[in-house]
Structure formats: C-alpha cells, structure tokens
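Asker: next one to model:
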Amino acid sequence: MTNGSENIDFAIVGGGVSGVYCAWRLKQKFPEKKIVVFEGSNHIGGRLLSVKPPGIDNMVAELGGMRILENTQYRIVALIKKLNKQLAANDKIELYDFPVDEPQNIAYLRGFHLRLSDFTAEPDKVPYNLSFLERSMSPGGIIVNAIEQIVPGITNEDLSEEQRREMAHKADFAGKKLYEQGFWNVLMRVITGEAYELSVDAGGYNSTLLNWNAADAIPWYLSDFGISPKYKGFKQGFQQVPNSVAMLFQEIGGEIRLRSKVDGFERVDGKFQLSVTPVGLNLLPYEVSADSLILAMPRRSLDLLAPKSPLLQLPEVERLTSSVTPRPLFKIFTTYTSPWWRAAGYTDAQGNFVPVESGRTVTDLPVRQTYYWPKDNGQPATEGPSMLMASYDDGTNVGFWDGLRPQRRQAWKKGLEVAEIANPFKGECSEEERKSNPWFQYYAGKPMVAEAARQLAVIHDLSYTPEVQHAAFRDWGDDPFGGGWNSWNIGVESPKVINEIIQPLADCPLYICGEAYSNSQGWVEGALETADLVLEKFDICPL
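Answerer: Coordinates of the predicted model:
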C-alpha cells in the first residue's frame, strides 16, 4: 500500500468480531475480490481484549468480554466449532465452565456482610424492607417473578429466545405496548422500591435494570440471569475467537490494516471514498475507493465518524443509529502472590471450612463486583500467584473512578488507544516483559489501585488486603467505543430497526452491523447475528 488513492471491492471499518467475521465469510464467497479491514487500534477484537498477567502463566485476564451462554447463543457456538475444524491442534479454542454465584460468596450491602445463600436461607439478615412475598427470594428471583407478572408465561423454560422476544414485543402492559415503556417503569408497578434497590445492588449491574426498552430488556434479562444460564469461559482468552477468524481471513488473501483510522467517507460517482489516517506509523493520510462499505461499529464510533460522513448525517440514517444508548463498563484486574480471599470463607454446620474461591462477590460499593479469577481450566486458584477482577462495574458507578484516572475521551483525540497514566502502578518485572506483554499497555494508576484495595478490604471484612503485584484496567465508556454494550431506547421497535439498519439506504451498498443493533446486545452473539444479516445480502448463509 502506498499513499494516494487505491481501489478495493469491500472496505470493512472495525476489526471486532462482526468486522473480521464479515470479511472472512465474504472472502470465502468472493476469493477474487479485494477485501480490506480497517482497524484504528493496534489489535483485532474490539471489545474482546485478553491479556496475560505478568508472572501467572495459567490465567488470562479478560479486560473486555469474558464469557458466552452456551445453551442459548447458537451462533458463537457454531463459529467455534467451525474454527476448530480448521485450526491446528495447539490453536483450537477450548472452553471451561465459568463460575458466577457460589453460595458461600459475599454480598456486602448497606454495611452488612451476607453470604449469597442468606437471601433464601436466612432472609431476615437481608437489610432491605421487603414485602412478605419478596422476602426469601434471591434478587434475580424477584426480577424473574416480576417479569412473569408483566408478561405472563414468558418465563416458561420451554420457550426459545425468539419466542420470548416475540411475546415481549407483542405484549401490552397497563394498556400500553411494552416497547413504549421503560424496564424500570414497569418493574416499579409490580415490586416495591426496596426490592428494586436490592436487585440492583445485589445483581452487580446498574444499567441492566435502568429505563431501557422493556420489550427488549425482559427477554434479554431472562437469557442472562433468569433461565438456567450456562456460562463458558475461554482457556486462551475470548480474543482468540476474532484473532482466529482474522488469521483464516488473511490466509486466503484478505488484508487487515491495524492502526488505520477511518476519519470519514462520502459517496462519489457510485464509489465510497474513505479518508484513512495511519496512527503512529509515520505515514501520511490516504484515500481509498471502495465498491461496498461495511461499518462494523457501535453507536459511539458511528457518531464520531458522522461529522465527516454525509451519508451518516441523513435523517433516515441518523434515526436508526440513534435508536440505542451506549452503556459504560469498567474493569480493574489485580494480581497477588497468593489467593488471600480464600480465608474469607466460613465454617458450615458440620464444622467444615468452606473457602471463598470462585465466582463473584457483590457489593453496593463502587467496585460492585469482584471475581475470584479462575485458572485457564476453570478451576479456582488455591495457592501461589493469583488474580482478581477487582472491580467490574457499570452505569453511574463508573463515574466514581473519574477522579482516579485520566480524563475520558482525551486519548482518542490524541490518536492514542488508551490515555497515558501520570502515576502508573507498574509492579516488579523485567523491562523486556514490560515491552512485550500487552498487559502493560493498560496500566492502572496508583490512586485507583489503592482505592480498589481499600474497598476490597471492607468487603472481605479485613483491616487491609495483601500487596497488589500488578494491575490493569479498561474503561469501555471511553472513545471510540462509548460503552461496553448498547441498549435499545424506549419507544423503538427494535425488530424493524434491526432489519433496516443493516442496509439503511436502498440501492446503496452501505451496511452497518455489530452488537449495538441486535437482539443480543452486549454479547458477541449479537455481533454475529447482525453480521449474518449483512452477509445474507450477498447470499451467504449463516453457519
């Protein structure tokens, strides 16, 4: 590639799952076509970002997406099977059972230390003023019971995902279509305010129960939390999936250009003219002419592209792209010389000590969720070097960290993927590892690590926690992502938008895909769903 103008057949903007998946399937269908993926960062994967913690060979930190729902997410399961048929033995994608809620784990709420089992076994300990019917139910159970009152029959485990979505979008509640109402609004009609607060606090997430489109929120919630979810993690990290797709795409002649930021595009004489700026490569900006253009991007990325892209400013396109709201997600990982949290367990009635060692603890403090990170075979760490996802939070809690981190959105403006940390928590390691391990690209600041450690001590009822060895963080609310996931706005008929946004302008080969405008928002499944809809335009069938 040289500076100046060049002609290609397909330009795909965005190197996340939907982008590289579209590229790979298109190249298989049209081997003679020139297909190029443009990615502004230095890696493939988008919001899948797997890094190895220093000094811990048997763990992978998931700074982005970390799991799938094996029993309901058929597209990602099919993709993994397809990839494993083509990958070498050492490169195959292996899964493990991903633990979440263990009965002995802690819920630190309103200043009280509870065990997760207390919600049903000892409900009088729960410091919320619940009604008689709400008490003795788990926080998730309260919401599932409320959902059944809002849409009777929808919690039937024999229903498919598609059937639940259809029921929700056809449903009326209190004389009004469900999609015209907010999830928070309808919940407050059937549960008490205290039950709602408990479900938010103990559920670990703020944004899932906020006021987004109730017709989409209800089937989404049931899939993730309500109908016997079966989570799977990735032995070599979730990013292995897009990396494997990208590798197979390149092996058959496809091209991926990292650090290639598309600043804008316009349509001239039946061609898309893209302006591309190499990032940190000491190369001049250049132009590309493409027959077809696929924007595999979330809403915030589209918004950033729109000022220099006239087609995205058209009212009929803007109406579609603005139909969702980005939701921030934030993660901090910390490593230690040993799994000190095991001592926070308890002695059961038989006199046996039950350690805290896997799954998560929840709290209403800003760290919100702490995951006792498993080894790459899914087993808990019982001794030696260990790791926590010290904080996994969303919504308003992300703002708590703003005073302990660089100002949001400044890195993107400077052409950086992540902001430079003024006072980074570096830990002890060799300079060679510091330069070669991607972990160190995502430094957490010392004040952030100190505050996380302080809250971890409170949650685990300790005067202090052992010294942190290394720390990394990622804020997905930062540009160009704008959020870790996107949710449908109230009043939007999402089934119509999904079908329209795939090709928003008739007779114009402009396509948009990604999790933001899908039925599985926040999941790779949604990215694959919309990518398959784009591919159907080229007579390419889903896997």
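
Asker: where does the chain dip in pLDDT?
Answerer: Along the chain, the parts satisfying pLDDT under 70 run over 1-4, 227.

Asker: next, count neighbours for Glu428.
Answerer: 8 (other Cβ atoms under 10 Å). For glycine as for every other residue, the C-beta is placed from the backbone atoms N, C-alpha and C.

Asker: so what's it closest to, chain neighbours aside?
Answerer: Gln469 (7.3 Å; Cβ to Cβ, 6 or more residues apart in numbering).

Asker: what do you get for Gly226?
Answerer: Leaving aside its chain neighbours, Gly226 sits nearest to Val144 (4.4 Å; criterion: Cβ to Cβ, 6+ apart).

Asker: who's in contact with whichever strand or helix holds the one you found?
Answerer: Per DSSP states H and E: Val144 is located in helix 139-150. Contact with helix 139-150 is made by 119, 134, 137, 154-155, 171, 173, 178, 186-187, 189-191, 195, 198-199, 201-203, 209, 214, 218, 221-222, 225-226, as judged by Cβ atoms under 8 Å, 6 or more residues apart in numbering.

Asker: from these, which ones fall inside helices?
Answerer: Among those, DSSP state H puts 119, 186-187, 195, 198-199, 201-203, 214, 218, 221 in helices.

Asker: biggest separation within those residues, which pair?
Answerer: Greatest spatial distance in the ones in helices among the contacts of helix 139-150: Phe119 and Ala214, 24.8 Å, computed using Cβ to Cβ.

Asker: so between those two, which is more surrounded?
Answerer: Ala214 (27 against 23).

Asker: isn't that one up against Asn185?
Answerer: Yes: if you go by Cβ atoms under 8 Å, Ala214 and Asn185 touch, sitting 7.3 Å apart.

Asker: where exactly do the strands run in the stretch 401-543 of the chain?
Answerer: 471-475, 485-488, 510-513 (DSSP state E, counting those that start in this stretch).

Asker: closest one to Val276 among those?
Answerer: So among the strands of the stretch 401-543 of the chain, strand 510-513 is nearest, using Cβ to Cβ, at 17.0 Å.

Asker: so how far is that closest one from its chain's centroid?
Answerer: Its chain's C-alpha centre and that of strand 510-513 lie 21 Å apart, by Cα atoms, centre = their mean, to the nearest Å.

Asker: and that strand, what does it pack onto?
Answerer: Packing partners of strand 510-513 (3 or more Cβ pairs under 8 Å, 6 or more residues apart in numbering; DSSP states H and E): strand 286-296, helix 524-536.

Asker: mind putting those in JSON lines, distance to Tyr96 included?
Answerer: Listed next are these as JSON lines, based on distance: least, Cβ to Cβ, whole Å:
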{"stretch": "strand 286-296", "distance to Tyr96": "28"}
{"stretch": "helix 524-536", "distance to Tyr96": "17"}
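
Asker: out of those, deepest packed?
Answerer: Ranked by mean neighbour count, those are led by helix 524-536 with a mean of 24 (mean count of other Cβ atoms under 10 Å).

Asker: got the angle for it vs strand 286-296?
Answerer: Interaxial angle, helix 524-536 versus strand 286-296 (axes from the mean of the first three to the mean of the last three Cα atoms, to 10 degrees): 110 degrees.

Asker: pull helix 524-536 out as CSV, backbone CA atoms only.
Answerer: What follows is helix 524-536, C-alpha atoms only, in CSV (Å, rounded to 0.1, in the frame of the first residue of the first chain):
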residue,chain,number,x,y,z
VAL,A,524,-20.7,-11.5,20.7
GLU,A,525,-23.8,-13.4,19.7
GLY,A,526,-25.4,-10.0,18.8
ALA,A,527,-22.3,-9.1,16.7
LEU,A,528,-22.6,-12.4,14.8
GLU,A,529,-26.4,-12.0,14.4
THR,A,530,-26.2,-8.7,12.6
ALA,A,531,-23.1,-9.8,10.6
ASP,A,532,-25.1,-12.7,9.3
LEU,A,533,-27.9,-10.3,8.2
VAL,A,534,-25.4,-8.3,6.2
LEU,A,535,-24.0,-11.5,4.7
GLU,A,536,-27.4,-12.6,3.6
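
Asker: elements contacting it?
Answerer: So helix 524-536, by 3+ Cβ pairs under 8 Å, 6+ apart, packs with helix 17-29, strand 68-69, helix 74-86, strand 286-296, helix 494-501, strand 510-513.

Asker: starting at the chain centroid, how far to the fifth one?
Answerer: So that's helix 494-501. The answer for helix 494-501 is 21 Å, by Cα atoms, centre = their mean.

Asker: pull the residues that contact that helix.
Answerer: 165, 169, 179, 213, 215-216, 320-321, 323, 488, 512, 517-519, 530, 533.

Asker: how does it look with 6 Å?
Answerer: 216, 320, 323, 488, 512, 517 (Cβ atoms under 6 Å, 6 or more residues apart in numbering).

Asker: could I get these as CSV with distance to Leu505?
Answerer: Formatted as CSV, the contacts of helix 494-501 follow (distance: Cβ to Cβ, whole Å):
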residue, distance to Leu505
Asp216, 25
Leu320, 10
Ser323, 16
Trp488, 22
Ile512, 10
Tyr517, 15
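
Asker: please identify which pair of those lies farthest apart.
Answerer: The distance between the two most remote of those (Cβ to Cβ) is 18.1 Å, for Asp216 and Ile512.

Asker: now do the helix or strand harbouring Gly264: everything it contacts.
Answerer: Assigned by DSSP H and E, Gly264 belongs to strand 260-268. Identification of contacts with strand 260-268 by Cβ under 6 Å, 6+ apart yields 13, 38, 40, 272-279, 308-310.

Asker: one more time with 8 Å
Answerer: With Cβ under 8 Å, 6+ apart as the criterion, strand 260-268 contacts 11, 13, 38-40, 272-279, 285, 293, 305, 307-311, 415, 508, 510.

Asker: just the buried ones from those?
Answerer: Using 16 or more other Cβ atoms under 10 Å as the burial test, the contacts of strand 260-268 include 11, 13, 38-40, 272-279, 293, 305, 309, 311, 510 as buried.

Asker: what's the closest non-adjacent residue to Gly484?
Answerer: That would be Leu329: by Cβ to Cβ, 6+ apart, it lies 2.7 Å from Gly484.

Asker: show me the contacts for Ala531.
Answerer: Ala531 touches 17-18, 21-22, 25, 296, 513, counting by Cβ under 8 Å, 6+ apart.

Asker: closest to Gln379 among those?
Answerer: Checking these against Gln379 by Cβ to Cβ gives Val17 as the nearest, at 27.4 Å.

Asker: distance check, the closest residue to the closest one other than its chain neighbours against Tyr196.
Answerer: Leaving out its chain neighbours, the residue that sits closest to Val17 by Cβ to Cβ, 6+ apart is Ala527, at 4.4 Å. The gap separating Ala527 from Tyr196 is 31 Å, by Cβ to Cβ, to the nearest Å.

Asker: one more: Met167?
Answerer: Separation of Met167 from Tyr196 (Cβ to Cβ): 23 Å.

Asker: likewise Trp401?
Answerer: If you go by Cβ to Cβ, the gap between Trp401 and Tyr196 works out to 25 Å.

Asker: so those two - more neighbours on which side?
Answerer: Higher neighbour count among Trp401 and Tyr196: Trp401, with 23 against 19, using other Cβ under 10 Å.

Asker: for Ala89, find the nearest of the helices and strands packed on strand 510-513.
Answerer: Closest to Ala89 of those is helix 524-536 (Cβ to Cβ; 24.0 Å).

Asker: tell me how far that closest one lies from the chain's centre.
Answerer: 16 Å.

Asker: repeat for stretch 390-407
Answerer: 16 Å.

Asker: and what of stretch 520-539?
Answerer: Put simply, stretch 520-539 sits 16 Å off its chain's centre (Cα atoms, centre = their mean).

Asker: ok, back up a step: when you filter the contacts of helix 139-150 down to buried only, what's left?
Answerer: Taking 16+ other Cβ under 10 Å as the criterion, what is buried in the contacts of helix 139-150 is 119, 134, 137, 154-155, 171, 173, 178, 186-187, 191, 195, 198-199, 201-203, 209, 214, 218, 221-222, 225-226.
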